[in-house]
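Asker: Task: produce atomic coordinates for the following.
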Amino acid sequence: MKDYLVKATTFGGVVRAYAINSTNTVEEAQRRQDTWATASAALGRTITVSAMMGAMLKGDDSLTVKLEGNGPIGAIIADSDATGDVRGYVTNPHVDFDLNTQGKLDVARAVGMEGTLSVVKDLGLKDHFTGQVPIISGEVGEDFTYYFANSEQTPSAVGAGVLVNSDHSILAAGGFIIQVMPGADEEVIERLEEKIQSFPAISTLVREGNSPEQMLERLFGEEEVTIHARLPVRFQCKCSKERVERSILGLGSEEIQNMIDEDHSAEATCHFCNEVYHLTEEELETLKASAEN
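Answerer: Residues are numbered from 1 along each chain as shown. Coordinates of the predicted model:
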């Protein structure tokens, strides 16, 4: 099954819902980052939620998520946009622990229970929108739930799960975001809370072959679910050799000359995809000449 997400409404339109299968996307992130199991779960959950948040944007808008706790994994960074492209990396990919008391990967221990979750949205305006909240659990889904309620004032339930094979590859990954719109009464909210509390683990549903549509149908039961859009999702990096060249050009001719004198070349590695870009001495000379003009 190819990765994709759906946008839907239910409860007569007063509840907005997103559901995603992100298995291949998280697998690509794991492969590029060489993450171990617990790190894969933390990164995968963050990428999964970020992809759904990107689907809330329009046009060329984009956002960057930074989950920075006091755990050994360090900061997790993810970028996403309205087209379904998402990428992410973790500072320390080689983090893994024994399962926690619930028999699950100990993501909270890896992330840490103190720190911040921040979201920066580039909406094409002069200033970017920035929201930041403290980490409340380190489990990722609960932290994003807290973010939506406190930074965007949108009551939400966020779930994300990743199952990892013994060789650290990804078995299943997916998630959902359920948001209560203005006009929903207390009865709707109570019924929604009951359904979410009794809902199976999202990663288990993905492993069993449930599509995003089926996950929402299972969650909402007898309630009618209206699908408004389907969006392909993929791990897609924005790096390129041209971007590296522009960055080096911005250093100025003197710094470029230092590179030529000391190393006779330059090399840059993308944090997100680990692609390595190499510039020869001749290419640096060309950049230096451009910087001097």
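Asker: Low-confidence stretches in the stretch 1-150 of the chain?
Answerer: Across the stretch 1-150 of the chain, not a single residue meets the criterion (pLDDT under 70).
Asker: Okay, strands next: where are they in it?
Answerer: When assigned using DSSP state E, counting those that start in this stretch, the strands of the stretch 1-150 of the chain occupy the ranges 4-10, 15-21, 62-69, 75-81, 85-90, 115-122, 129-134.
Asker: Only the buried residues of stretch 234-245, if you could.
Answerer: Residues of stretch 234-245 classed as buried by neighbour count (16 or more other Cβ atoms under 10 Å): Arg234, Phe235, Gln236, Cys237, Cys239, Val244, Glu245. For every residue, glycine as well, the C-beta is placed using N, CA and C.
Asker: Then stretch 12-22?
Answerer: Under the neighbour-count criterion of 16+ other Cβ under 10 Å, stretch 12-22 has Val14, Val15, Arg16, Ala17, Tyr18, Ala19, Ile20, Asn21, Ser22 buried.
Asker: Out of those, which comes closest to Leu192?
Answerer: Relative to Leu192, the closest of the buried residues of stretch 12-22 is Val15; by Cβ to Cβ it sits at 6.3 Å.
Asker: got the phi/psi numbers for the nearest residue to Gly131 once chain neighbours are set aside?
Answerer: The shortest distance from Gly131 to any residue other than its chain neighbours is 3.4 Å, reached at Ser151 (Cβ to Cβ, 6 or more residues apart in numbering). For Ser151, the backbone dihedrals (degrees, to the nearest 10) come out as phi -100, psi -30.
Asker: pLDDT added to the buried residues of stretch 234-245, as TSV?
Answerer: Shown next, in TSV, are the buried residues of stretch 234-245 (pLDDT from 0 to 100):
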residue	pLDDT
Arg234	97
Phe235	97
Gln236	95
Cys237	93
Cys239	89
Val244	90
Glu245	90
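Asker: Using TSV, please lay out those together with secondary structure.
Answerer: Output for those, formatted as TSV (DSSP: H, G, I helix; E, B strand; the rest coil):
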residue	secondary structure
Arg234	strand
Phe235	strand
Gln236	coil
Cys237	coil
Cys239	coil
Val244	helix
Glu245	helix
